[in-house]
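I need the structure of the sequence given here:
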Amino acid sequence: MGVYIDGTVTASVIEKLKEELSGIDKVEFESQQYADFESQFQWFLGFGLFFLFLDIFYLEKKTAWLKKLNLFNE
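Next up, the predicted model:
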């Protein structure tokens with residue numbers, strides 16, 4: 001059941017809250033671990049680094065002919 005507490009007088013509100021909270025039954029809860037999993041982000045990191053290095057070292061040399069085409073009027 002709920003209780004209405006008028007909040008105009010702070011001291012009485014605190015006392016009433018302490019009374020209500022002390023009357024609640026205290027129960028212990030147990031914690032459970034549901035799953036133990038391994039992170040798999042390293043695969044995506046590896047692929048990302050591979051393609052980054054591929055772009056930096058390999059594709060920079062191969063696009064010289066594309067720059068000569070002047071497709072975007074630069």
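
mind checking which helix or strand of the protein has the lowest mean pLDDT?
Counting by mean pLDDT, DSSP states H and E, the weakest-scoring helix or strand in the chain turns out to be helix 60-62, with a mean of 61.

strands of this protein, residue ranges please.
Assigned by DSSP state E, the chain shows no strands.

now the helices for it?
In the chain, the helices defined using DSSP state H lie at 10-22, 41-53, 60-62, 64-69.

now render those as a markdown table, adding distance to residue 32.
Quick note: C-beta positions are derived from backbone N, CA and C, even for glycine. Below are those laid out as a markdown table (distance: least, C-beta to C-beta, whole Å):
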| stretch | distance to residue 32 |
| --- | --- |
| helix 10-22 | 27 |
| helix 41-53 | 26 |
| helix 60-62 | 53 |
| helix 64-69 | 58 |
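
need the ones you listed in a markdown table (columns: mean neighbour count and distance to residue 4).
Below are the helices of the chain laid out as a markdown table (neighbours: other C-beta atoms under 10 Å; distance: least, C-beta to C-beta, whole Å):
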| stretch | mean neighbour count | distance to residue 4 |
| --- | --- | --- |
| helix 10-22 | 11 | 10 |
| helix 41-53 | 10 | 51 |
| helix 60-62 | 8 | 73 |
| helix 64-69 | 8 | 75 |
